[in-house]
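Trainee: Quick one, what's the 3D model for this:
(one chain, ligands or ions: 1)
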Amino acid sequence: MQTFDLVVIGGGSGGVRAARIAAGHGARVALLEEYRMGGTCVIRGCVPKKLMVYASRVAQELEEAKGFGWTVGATHFDWPTLKANRDREVARLEAVYRSNLQAAGVTIFDSRGVLQDAHTVSLTDGQCLHGNTLLLATGARPDHGPDIAGAELAIDSNGFFELEHLPQRVVVQGAGYIALELACVLRLLGAEVTVVLRGAQILRGFDDELRNHLAHELAAGGIQFRHGRQLHVITRHDGALQVTLDDGQQLAADCVLRAVGRQPNSAGLGLEAVGVVLDAKGAVTVDAASRSTVPHIYAVGDVTNRVNLTPMAIREGHAFADTVFGRTPRTVDHRLIPSAVFTTPEAGVVGLTEAQALQSHPHLDVYRSIFRPMKATLSGHGSRVFMKLLVDRDTDRVLGFHMVGPDSGELVQLVAVTLQLGATKAAFDATLAVHPTAAEELVTLRTPAVRHNL
Ligand code: NDP
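Mentor: Residues are numbered from 1 along each chain as shown. Got it, this is the predicted structure:
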């Protein structure tokens with residue numbers, strides 16, 4: 001049996017970062033991955049998704065070109081070409097992940113790992129590894145939601161990346177990040193898309209005004225919504241699918257995509273038997289240092305179901321490695337988290353929503369701007385940019401920023417830096433505008449749209 005200072009199970013964002021940093025601190029590290037190196041983000045998540053988003057936005061650029069004097073001839077979109085190019089890029093990144101691990105001195109095992117006891121991990125071929133410390137970084141997988149008749153006819157986000165052709169009519173269930181991002185890609189590439197959501201509005205947990213604005217934009221872009229509805233049954237007739245909703249409404253489809261959340265990959269790993277406590281959803285229970293209920297077993301990333309975002313898994317993996325192997329103990333701040341939803345138009349958010357801010361800041365000023373972006377003046381596109389800044393009147397501190405519009409994801413990254421520094425509204429006001437940009441709105445918001453006085 002080979003012995004390592006650290007055995008990492010899972011070669012996604014969190015596991016790979018932890019393994020490389022720990023090896024850099026001098027630890028003997030093994031990493032096990034049963035599928036492809038890179039995990040959800042690289043193989044069937046953020047990266048291939050964003051490439052598809054770029055592809056879909058070309059359609060919008062072509063549409064807008066006329067207003068700028070361009071005559072665009074006959075165009076043709078070829079899904080198999082996009083898929084092949086995308087898959088090639090994913091394979092390249094996968095190889096980079098692998099070679100970076102090897103360069104750091106990590107021993108890779110292309111195998112599933114299962115705990116035999118608190119220090120022993122068995123491989124599929126029967127080999128066993130001894131780890132003085134273990135790290136669980138097994139991520140999460142699509143949750144298939146309520147079991148319905150014909151569920152096997154639907155695909156999840158993994159299946160989306162395997163589609164060989166662009167489906168013409170798509171029913172999407174769910175209205176979170178994944179459902180909406182993929183719905184937009186399919187819609188812009190030419191599919192008819194209907195989003196079926198159980199609630200009254202998309203993106204639960206986001207700022208309400210942002211939700212309303214984005215929902216309006218997506219509907220204007222041609223996505224149809226069925227609010228307050230569940231899928232009841234899916235059937236196949238002559239090669240086409242038929243979706244019946246719980247109110248009896250029927251939708252014809254070529255593809256049904258269910259994106260109703262994700263669940264931690266913790267089953268069948270032998271965790272409970274060695275005393276690792278899981279919560280009701282199957283997430284590994286950890287403390288602020290990512291330590292499980294067994295002191296030498298740690299967990300990072302989606303398997304802990306804290307904040308399920310790639311940069312967070314990377315942070316957690318890095319902090320774990322520095323703490324345990326680098327003699328520089330540190331924890332990860334799970335509070336101020338910027339994120340983007342890559343719909344078209346995209347959304348970028350950081351900090352508190354208005355409803356959250358009001359819970360602890362009774363004197364809240366809401367600055368809001370909704371405007372036509374300059375590009376639309378010639379392109380004729382009807383989209384409007386939405387920006388909202390939340391300011392605590394007592395301290396002048398900016399508590400949250402919410403935006404819908406082109407490049408929101410890029411912009412929110414920098415606004416997040418200012419919030420990290422504790423920026424005040426006065427600092428925003430003192431900052432000179434960059435003209436002409438959409439971002440300059442952010443430093444020219446003079447009058448609050450709402451002044452809360454609770
Ligand atoms: P989300 O939690 O974002 O959304 C889940 C959606 O499914 C919601 O609309 C929810 O409805 C709905 N839903 C949940 N359970 C049911 C049910 N039983 N029946 C019907 N509908 C249901 O999950 P996603 O899968 O979209 O994404 C998972 C996570 O991955 C995200 O939370 C995010 O952390 C991460 N991610 C981040 C991305 C990014 O940063 N751009 C991109 C993709 C994923 P309701 O609102 O009513 O609860």
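
Trainee: Quick check: residues of this structure near the ligand?
Mentor: 145-146, 174-179, 181, 197-199, 204, 230, 259-262, 308-309, 339-342 (Cβ under 6 Å from any ligand atom). In short, each C-beta sits where N, CA and C put it, glycine included.

Trainee: For the nearest residue to residue 221 once chain neighbours are set aside, which three-state class applies?
Mentor: Spatially, and ignoring its direct neighbours in sequence, residue 221 is nearest to residue 187 (6.2 Å; Cβ to Cβ, 6 or more residues apart in numbering). Put simply, residue 187 is helix when judged by DSSP: H, G, I helix; E, B strand; the rest coil.

Trainee: how near is the residue in the chain that the ligand sits nearest to to residue 389?
Mentor: Nearest to the ligand, among the residues of the chain, is residue 176, at 1.9 Å (Cβ to the nearest ligand atom). Using Cβ to Cβ, to the nearest Å, residue 176 is found at 25 Å from residue 389.

Trainee: And for residue 315?
Mentor: 26 Å.

Trainee: How about residue 449?
Mentor: 10 Å.

Trainee: Need the overlap of contacts for these two.
Mentor: Listed as contacting both residue 449 and residue 389 by Cβ atoms under 8 Å, 6 or more residues apart in numbering are 366-368.

Trainee: residue contacts, the residue of the chain closest to the ligand?
Mentor: For residue 176, the contact set (Cβ under 8 Å, 6+ apart) comprises 203-204, 259-261.

Trainee: for the stretch 101-250 of the chain, what spans make up the strands?
Mentor: Listed in chain order, the strands of the stretch 101-250 of the chain (DSSP state E, counting those that start in this stretch) span 107-109, 113-117, 120-123, 128-136, 140-142, 169-173, 192-196, 224-226, 231-237, 240-245, 250-253.

Trainee: Just name whatever secondary elements the second one is in contact with.
Mentor: Using 3 or more Cβ pairs under 8 Å, 6 or more residues apart in numbering; DSSP states H and E as the contact definition, the elements that strand 113-117 packs against are strand 120-123, strand 128-136.

Trainee: The same query, at a cut-off of 6 Å, please.
Mentor: When contacts are defined as 3 or more Cβ pairs under 6 Å, 6 or more residues apart in numbering; DSSP states H and E, strand 113-117 packs onto strand 120-123.

Trainee: And for the last one?
Mentor: The criterion is 3+ Cβ pairs under 6 Å, 6+ apart, and the helices and strands that strand 250-253 contacts are strand 169-173, strand 240-245.

Trainee: Residue 7 in helix, strand or coil?
Mentor: Under three-state DSSP, residue 7 comes out as strand.

Trainee: ditto for the one 4 residues further on
Mentor: Here residue 11 takes the coil state, with states given by three-state DSSP.

Trainee: on that earlier part again, more neighbours: which of residue 315 and residue 389?
Mentor: Legend: neighbour count by other Cβ atoms under 10 Å for residue 315 and residue 389, higher for residue 389 (25 against 22).

Trainee: Can you give me the pLDDT of the more buried one?
Mentor: On pLDDT, residue 389 comes in at 98.

Trainee: mind listing what it touches?
Mentor: Residues in contact with residue 389 (Cβ atoms under 6 Å, 6 or more residues apart in numbering) are 367, 401, 445.

Trainee: which residues does it bridge with?
Mentor: Assessed by DSSP bridges, residue 389 has beta-bridge partners residue 367, residue 401.

Trainee: distance between the ends of stretch 286-297?
Mentor: 10 Å (Cα to Cα, to the nearest Å).
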